[in-house]
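Engineer: Structure, please.
(one chain, ligands or ions: 5)
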Amino acid sequence: MALRAKERLKVVFNHLDRSGVKVHTSFTSAQNVSHHHPVALKYTFDTDVLSPEQRLAYEENGFILIKNLVSEEDIDRFRNEFERICKRDVKIPGLVIMRDVSIAKSEFVQGEKAVTKLQDFQEDPEMFRYCSLPQILKYVECFTGPNIMAMHTMLINKPPDTGKKTSRHPMHQDLHYFPFRPADRIVCAWTAMEKVNRQNGCLVVLPGTHKGALKEHIYPEWEGGVNKMYHGIKDYNSNHPRVHLEMEKGDTVFFHPLLIHGSGMNQTQGFRKAISCHYASADCHYIDVKGSTQENISKEVEELARKRIGSDTTISFQDSWALRGRVVQGNRTSL
Ligand SMILES: CCCC(=O)SCCNC(=O)CCNC(=O)[C@H](O)C(C)(C)COP(=O)(O)OP(=O)(O)OC[C@H]1O[C@@H](n2cnc3c(N)ncnc32)[C@H](O)[C@@H]1OP(=O)(O)O
Ligand SMILES: Nc1ncnc2c1ncn2[C@@H]1O[C@H](COP(=O)(O)OP(=O)(O)OP(=O)(O)O)[C@@H](O)[C@H]1O
Ligand SMILES: O=C(O)CCC(=O)C(=O)O
Ligand SMILES: [Fe+2]
Ligand SMILES: [Mg+2]
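Structural biologist: Ligands and ions are numbered 1, 2, ... in the order given. Predicted coordinates for the structure are as follows:
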């Protein structure tokens, strides 16, 4: 039965209507374009890319996993570039190379084995190709709309745990780091660069938590130490059902910035690699986080900027994002 996407969406909605679930339709956008029903699909746009079932799944869960989205060839190229950066063969402006806190003060670990995360690779054309891949942007547009900014780029090289459990990433919401809104027009794309599973510390998500509010984040009280800026939710419900996202090389998960997630310890001897980009609609606007739960991270970011650039220049939390953001589709309208 080859129904077109819109017709299938109607079928799904009719079914839900009959089942008593309160769902209303807007076939053109996630915003306020109503027919005789008010709008309910607030997290996704209809671009004929997501099936009705996929749209409903994202609305309900706050994430969607697309298998085999990035080719082996592309991933191998990102991996090569990562190795060049680790060997210091290339120097990329703005790039942050983070070592794991458990080896941060050690002089004896070098190269790729000393690097836990690359952050802000927007000035590296080879690495930044990831953020412009058409097959990724096609999905991103379903969440952001047509004007798309790549705001935050990372390559995570989760190291074998040294025994201090510092390879964990505490449970958090990425929106904690972002002084722009609306949250529903922000999405993360996270691509496994090899098989990721429970053993090497795959992503762990709490489905449906994107419907909640932004929570207070602080450093978790972990005996073995915590990496710089790895804030975790102060009190999260540890009984909430969790889903371990086991993925193959090239599989990509798209998730909402309020979705609570983290990653476990890497209990293998390999470095678990993933590449990711946070996208936002260029139509988003900056907010002032003073007096909010985000004040702690904004102060940390501003202090780090002062250390890097010098105490006579002030780079605000918002500036730090405006400087990193790059348009990847459409126009840079606001951010
Ligand atoms: C949606 C977004 C979610 C997220 O992005 S969460 C993670 C956000 N993370 C970041 O933004 C990256 C933060 N890291 C950094 O900026 C840098 O790695 C960092 C910590 C400043 C270190 O910079 P380096 O250039 O390596 O400086 P350095 O080797 O001279 O060290 C300076 C002092 O920092 C310490 N350090 C290094 N790596 C660390 C780590 N992983 N965790 C905690 N502390 C760390 C290091 O021991 C040194 O301390 P001290 O001054 O000697 O006491
Ligand atoms: N004490 C803790 N406080 C906050 N977050 C934690 C704590 N311990 C683990 N986490 C986080 O919980 C998430 C899940 O971790 P992990 O993969 O170890 O899950 P698990 O359910 O314990 O499964 P496994 O049995 O495979 O270890 C990760 O984000 C991890 O960093
Ligand atoms: O790759 C991971 O372990 C998760 C990283 C993450 O969630 C983040 O940096 O915001
Ligand atoms: Fe995250
Ligand atoms: Mg565990």
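Engineer: Identify the residues contacting residue 208.
Structural biologist: Neighbouring residues of residue 208 by C-beta atoms under 8 Å, 6 or more residues apart in numbering: 60, 61, 62. C-beta here means a position set from N, CA and C on the backbone, and glycine is covered the same way.
Engineer: I should have written residue 308 there, sorry.
Structural biologist: Per C-beta under 8 Å, 6+ apart, neighbours of residue 308: none.
Engineer: before we move on, which element is it in?
Structural biologist: Assigned by DSSP states H and E, residue 308 falls within helix 295-309.
Engineer: Quick check: mean pLDDT of that helix?
Structural biologist: What helix 295-309 shows for mean pLDDT is 92.
Engineer: Does ligand 3 have contacts with it?
Structural biologist: No: judged by C-beta under 6 Å from any ligand atom, helix 295-309 and ligand 3 are separated, with a smallest distance of 11.9 Å.
Engineer: CA-only coordinates of that helix in CSV, if you can.
Structural biologist: C-alpha atoms of helix 295-309 as CSV (Å, rounded to 0.1, in the frame of the first residue of the first chain):
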residue,chain,number,x,y,z
GLU,A,295,24.5,31.1,35.1
ASN,A,296,27.2,28.7,36.5
ILE,A,297,28.2,27.4,33.0
SER,A,298,28.1,30.9,31.5
LYS,A,299,30.6,32.1,34.2
GLU,A,300,32.9,29.2,33.5
VAL,A,301,32.9,29.8,29.8
GLU,A,302,33.5,33.5,30.2
GLU,A,303,36.4,32.8,32.7
LEU,A,304,38.0,30.4,30.2
ALA,A,305,37.7,33.0,27.5
ARG,A,306,39.5,35.5,29.7
LYS,A,307,42.3,33.1,30.4
ARG,A,308,42.7,32.3,26.7
ILE,A,309,42.4,35.8,25.2
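Engineer: What are the phi and psi values at the residue in the chain that ligand 3 sits nearest to?
Structural biologist: Going by C-beta to the nearest ligand atom, ligand 3 is nearest to residue 263 of the chain, at 3.3 Å. Main-chain torsions, residue 263, degrees, to the nearest 10: phi -150, psi 150.
Engineer: Could you report the distance from it to residue 164?
Structural biologist: Per C-beta to C-beta, to the nearest Å, residue 263 is found 16 Å from residue 164.
Engineer: go on, residue 177?
Structural biologist: Taking C-beta to C-beta, one finds residue 177 at 24 Å from residue 164.
Engineer: In terms of packing, which of the two has more residues around it?
Structural biologist: More crowded of residue 177 and residue 164, by other C-beta atoms under 10 Å: residue 177, with 20 against 17.
Engineer: what are the phi and psi angles of the more buried one?
Structural biologist: phi -90, psi -10.
Engineer: do residue 321 as well
Structural biologist: According to degrees, to the nearest 10, residue 321 has phi -80, psi -40.
Engineer: ok, it - contacts?
Structural biologist: Contacts of residue 321 by C-beta under 8 Å, 6+ apart are 151, 152, 178, 179, 180, 286, 335.
Engineer: Hmm, residue 280 and the last one touching each other?
Structural biologist: Just to be clear, that refers to residue 335. Yes: between residue 335 and residue 280 there is a contact under C-beta atoms under 8 Å: 6.2 Å.
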